[in-house]
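A.B. asks: need the 3D shape of this:
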Amino acid sequence: MKQRWISGRRAATAAAGALALGATLTMQNAAATPAPTADTQSASSAGRLAHRIDTTLAGRTAGSYYDARSKKLVVNVVDAATADSVRKAGGEPRTVKHSMAQLNTARQELKAKASIPGTAWSMDPVSNKLVVKADRTVTGDRLAKLNTVVRGLGDTVTLKRTAGRFQPLIAGGDAIWGSGARCSLGFNVTVGGQPYFLTAGHCGNAVSSWSDQQGGSEIAVTEASTFPGHDYALVRYTSDIDHSSAVDLYNGSAQQITGAGNATVGEQVQRSGSTTGVNGGQVTGLDATVTYQEGQVNGLIDTTVCAEPGDSGGSLFDGGTALGLTSGGSGDCSSGGETFFQPVPDALQAYGAQIG
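C.D. replies: Numbering: from 1, shown residues only. Here you go, the predicted model:
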């Protein structure tokens, strides 16, 4: 069976390629990318620079973010020597109060004492704090416990409430179908020259055999899946599918994908999913920890992008760069919300996946 274009949201009978039309990926070689020489940077080049600085100055910086107004990567530092190194590398140093070691200590305290279902936390480099979020299910004794832990961490942490409920965005329905579950195809990849696709781990846990329509014949089988802990799954095609390196934009066109990269706080991104099509927003935090009712997931991308049940596993991207797989969140695309994404580079590394 050949993959086919599908225009718009055809009331939830999308083929596997209708969601993302897939995208065969390879991780961008950050080390091979020269340091920027211009005074300004794009969000994608800032992301590559952030990765190089994090690698070179491991433990000495305290996070970074993309300043869209100045078009520069801002890197938090706590000493003059590190500021000089950041400047020489092409970043804009910013002196802050809390070091990465202090923030990591606070993160460890949260994990040990406040891993409560309905909570999430990520580092916000703009405020130089950990932002802890509690959804509407965190009440009574659990909320009191969370407040006690947060107060004990002083000004390294700030607490916010979320009106919705943090949950993996899986649903009964369409797009890529399994028995009683619907998810979204993320990106097409190859492993050992064979065709596969990536989707969310909680989708892979729920479904072993996938179809491109409700009640249809099998097109792929789940070969590996991780959730909780991480949230990615590797699915092997069992039928003749055209593995296009593109993401469906739900307007009759597609975004070609040329590689995978790391998200940057402040970056404007888009998400494609089978329930809500394409929606955009901003990256607000990295290395986020979310404690769903089903378990805790670490290392996620926190965003202002909306999503709804059935969008799980779908593509997060910036232009031609694949960034993440939709994990879960709260809210919806009518009133707004936030969504967490599993970074694609982590999934590629875990499965030895690459461009075909």
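A.B. asks: contacts only, for the nearest residue to Gly352 once chain neighbours are set aside.
C.D. replies: Spatial nearest neighbour of Gly352, chain neighbours left out: Val191 (5.9 Å); criterion: Cβ to Cβ, 6 or more residues apart in numbering. All C-beta spots, glycine's among them, are computed from the backbone N, C-alpha and C. The neighbours of Val191, taking Cβ atoms under 8 Å, 6 or more residues apart in numbering as the test, are 234, 351-354.
A.B. asks: for Val191, give me phi and psi.
C.D. replies: phi -130, psi 120 (degrees, to the nearest 10).
A.B. asks: show me which of the contacts of Val191 are buried.
C.D. replies: Among the contacts of Val191, the ones that count as buried by 16 or more other Cβ atoms under 10 Å are 234, 351, 353-354.
A.B. asks: how far away is the residue nearest to Gly352 from Leu198?
C.D. replies: Remark: distance between Val191 and Leu198 (Cβ to Cβ, to the nearest Å) = 10 Å.
A.B. asks: now the common contact residues for the two.
C.D. replies: 234, 351, 353.
A.B. asks: from the residues you listed, which ones fall inside helices?
C.D. replies: Tyr351 (DSSP state H).
A.B. asks: ok, of the shared contacts of Val191 and Leu198, which one's closest to Leu73?
C.D. replies: For the shared contacts of Val191 and Leu198, the closest approach to Leu73 (Cβ to Cβ) belongs to Ala353, at 27.8 Å.
A.B. asks: picking that back up, can I get the buried ones among the contacts of Val191 in TSV with distance to Arg107?
C.D. replies: Formatted as TSV, these follow (distance: Cβ to Cβ, whole Å):
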residue	distance to Arg107
Leu234	28
Tyr351	27
Ala353	29
Gln354	32
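A.B. asks: lowest-confidence member of those, which is it?
C.D. replies: Lowest pLDDT among the buried ones among the contacts of Val191: Gln354, with 84.
A.B. asks: coming back round to it: just the buried ones among the contacts of Val191 now: which is nearest Gln282?
C.D. replies: Using Cβ to Cβ, the buried ones among the contacts of Val191 come closest to Gln282 at Ala353, 27.3 Å.
A.B. asks: I'd say that closest one and Asn188 touch.
C.D. replies: No - Ala353 is beyond contact range of Asn188, at 9.6 Å (criterion: Cβ atoms under 8 Å).
A.B. asks: any regions of the stretch 251-356 of the chain where pLDDT drops low?
C.D. replies: For the stretch 251-356 of the chain, the stretches with pLDDT under 70 are 355-356.
A.B. asks: what ranges do the strands span in the stretch 101-250 of the chain?
C.D. replies: Per DSSP state E, counting those that start in this stretch, the stretch 101-250 of the chain has strands spanning 119-124, 129-134, 157-161, 167-168, 176-178, 181-183, 187-191, 194-199, 209-211, 218-226, 232-237, 246-248. These are given in chain order.
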